[in-house]
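> Structure for this input, please:
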Amino acid sequence: MAEAVRLVIWDLDETFWKGTLTEGGMTYQAANHEIVMELARRGIMSSICSKNDMATVRAVLQEHGIWDTFIFPSIDWTSKGPRIRDLIEAVQLRPASILFIDDNPQNLNEAKHFSPDLQIADETFIPAMLADPRFKGKDDSGLTRLAQYKLLEQRAADQAGMGGDNLAFLRASNIRVIIEHAIEPQLERAVELINRTNQLNFTKKRLSEEPAIAATELRAFIAGWRMQVGLVRVVDNYGDYGYCGFYAFDKNKMHHFCFSCRILGMGVEQWLYARLGKPPLNVVGEVLSDLNTPEVDWIRLADSAADAEGPAVDNKLGTVMLRGGCDLTAVGHYLSLVSREVIGEYNLVNANLDLRLDHSIFLRYAVDGLSGPARAALAKVGYEMDKFDSRFREVVDSTDVFIFSFWTDAGFALYTHKETGVQVPFQIGAPVNFRTTDLTRLPAAEHEKLMSRPANVRAMTALCEEFEFSGPISKAKYHENIEAALRLIGPDKPVILTLAWEGHRPGDVRKHQELNEWTREIAARHRNILLLDITGAIEAKSDVTDPTHFDRKVYQRLAKQVTAMIEAASLVAEPV
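Numbers count the residues shown, from 1 in each chain. As a prediction, this is how the structure comes out:
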């Protein structure tokens, strides 16, 4: 079955109108005029490939008020095959989605020779065009798509006028990207980008062809806190190209990375992929862009389309260091788009062992260091420190903002190594209370449940033989750990401490309230400490996934709060 048509290329003489213009016998066809207009209202573009005089044709079509409805018109006396090939390249569409109409079979065959996948028809097809399923299109009564192609046309003309210096043209174009993380209001557009883009669709993953089902599928897919998503809007000196890109990825891979061909050649996809930290991406099928290119330095992140001359926002926060759990993993993505660099150190899961590097005790180790015997003791229970060493001391002087989250301190007990005295939180994949349960004294049957993998056996054996249960961290120890880091940071850089959520199960509320009290006491002693309360980012019950995880929208709101807090504090050094 032939592909849906996105562009019709019209011959003029004996096709769009009756007769031959240069021979003075032309009769304008109002019916064909209306077909072109209706195609535009359906989002289907029209172009011209005619052997004629450009000035004469322009005058006729301007007189009938339709000249500006055609994009990239090609009107001269040269062969049509090469011109149609070049026109297809200019509009950045696949030949299979384009129909060329001409009354001359030789012209049709020549066009097919240069563009084999091109659809062709003679003038007798025109009356049936609008009823053909290939021309169903999509409602665009506001002619938005036409306006965007006219922008592309003007850009191409200006680029050619710069003598082929593409890099100079791109730098002069003032390209800005706005990333919208609130997808729900534009869910239909995200679905369209996933299902309709081809040339710049890097994963080729599709949703249902039924719009309502596709929207439900996408909404469910992106809801979780692990998924980072964004709609990409592009603006330059020529105008607003609208939402022309979409991405969705987690720490394991990029699931969707797709763009409209209208921004092909701008470097947006290369710039964005680098900006997102180059998540693992399996490119499927053919794409017209190579993501492994030199740095794109002619695009900047903007807050809005109206921000034509303002400063770039992609480094407004400078260098940010985050250390915490799942909450900061999610927040870190959104901050990465407005920071020069984000340094993230988060809890890890390895062989069913939850390695709680977000506990304040590990921040203390990052400050003071660990002896060889202490490192060896931690390695036995899963904390192989050569893999998990912190960069805190290394980057403290060059970092502008620090964000710490220590919810783990409220939820997990510490175990003390009998010989070295080094302490460590320990969690293994099992439904027990890790704050109050002494895992070294569990009944044998309970031990068996915990040791389902070889790594678990080694870790649990070492814990039981070499460590002893010390219970939850004390207030004094918590304060010592945080104060040690604050001394190293100094008093002039903002440090954001997140408060634990107090709205979940009644039995767990008190431990979070207690931790928050300790945190507020520390903040009261330091003018550079800012407190981040997740409560203000939770707007509905549906935002809560479980007591420590939330809907993706919550982390978006937290990132906005962080940005606003830092800007209001006026403590960030000017980006270099």
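
> Now do the strands in the stretch 301-450 of the chain.
Applying DSSP state E, counting those that start in this stretch to the stretch 301-450 of the chain gives strands spanning 319-324, 341-346, 348-350, 353-355, 401-405, 414-417, 423-425.

> counting contacts, what elements does the third one pack onto?
Think strand 348-350. With contacts defined as 3 or more Cβ pairs under 8 Å, 6 or more residues apart in numbering; DSSP states H and E, strand 348-350 has these neighbours: strand 353-355. Just so you know, the C-beta spots here come from the backbone N, C-alpha and C atoms, and that holds for glycine as well.

> Mean confidence (pLDDT) on the strand it packs on, please.
Strand 353-355 shows a mean pLDDT of 80 in the predicted model.

> any idea how far Gly245 is from Arg83?
30 Å (Cβ to Cβ, to the nearest Å).

> Have a look at the two and say which one is more surrounded.
For the pair Arg83 and Gly245, the greater number of neighbours falls to Gly245 (25 against 20), based on other Cβ atoms under 10 Å.

> Confirm that that one sits in a strand.
Yes. Secondary structure assignment places Gly245 in a strand (DSSP: H, G, I helix; E, B strand; the rest coil).

> Export the strands of the stretch 301-450 of the chain as JSON lines, with columns for mean neighbour count and distance to Thr124.
As requested, those are arranged in JSON lines below (neighbours: other Cβ atoms under 10 Å; distance: least, Cβ to Cβ, whole Å):
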{"stretch": "strand 319-324", "mean neighbour count": "24", "distance to Thr124": "65"}
{"stretch": "strand 341-346", "mean neighbour count": "19", "distance to Thr124": "61"}
{"stretch": "strand 348-350", "mean neighbour count": "13", "distance to Thr124": "66"}
{"stretch": "strand 353-355", "mean neighbour count": "21", "distance to Thr124": "71"}
{"stretch": "strand 401-405", "mean neighbour count": "25", "distance to Thr124": "68"}
{"stretch": "strand 414-417", "mean neighbour count": "20", "distance to Thr124": "84"}
{"stretch": "strand 423-425", "mean neighbour count": "24", "distance to Thr124": "78"}
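
> and the ones you listed as a markdown table, adding distance to Thr78?
Converted to a markdown table, the strands of the stretch 301-450 of the chain look like this (distance: least, Cβ to Cβ, whole Å):
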| stretch | distance to Thr78 |
| --- | --- |
| strand 319-324 | 56 |
| strand 341-346 | 52 |
| strand 348-350 | 64 |
| strand 353-355 | 68 |
| strand 401-405 | 60 |
| strand 414-417 | 81 |
| strand 423-425 | 75 |
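
> Wait, Arg206 touches Leu193, no?
No. Distance between Arg206 and Leu193: 11.1 Å, which falls outside the contact criterion (Cβ atoms under 8 Å).

> Among those two, which residue is more densely surrounded?
Neighbour totals were compared for Arg206 and Leu193, and Leu193 leads with 23 against 14 (other Cβ under 10 Å).

> hmm, back to that, ok, of the strands of the stretch 301-450 of the chain, where does mean pLDDT dip lowest?
strand 348-350 (a mean of 77).

> For the stretch 151-300 of the chain, just list every one of the helices.
Taking DSSP state H, counting those that start in this stretch as the criterion, the stretch 151-300 of the chain carries its helices at 166-172, 187-196, 211-221, 268-275.

> ok, now the stretch 401-550 of the chain?
Assignment of helices within the stretch 401-550 of the chain using DSSP H, counting those that start in this stretch yields the ranges 407-411, 444-450, 454-466, 475-489, 506-524.

> which of the ones you listed sits most buried?
Most buried of the helices of the stretch 401-550 of the chain, by mean neighbour count (mean count of other Cβ atoms under 10 Å): helix 407-411, with a mean of 24.

> Packing partners of that one?
Helices and strands touching helix 407-411, as assessed by 3+ Cβ pairs under 8 Å, 6+ apart, comprise helix 506-524.

> and the helix it packs on, what other elements does it pack with?
Secondary-structure packing of helix 506-524 (3+ Cβ pairs under 8 Å, 6+ apart): helix 407-411, helix 475-489, strand 495-499, strand 529-533.

> now the last one against helix 475-489, angle please.
Read that as strand 529-533. Interaxial angle of strand 529-533 relative to helix 475-489 (axes from the mean of the first three to the mean of the last three Cα atoms, to 10 degrees): 120 degrees.
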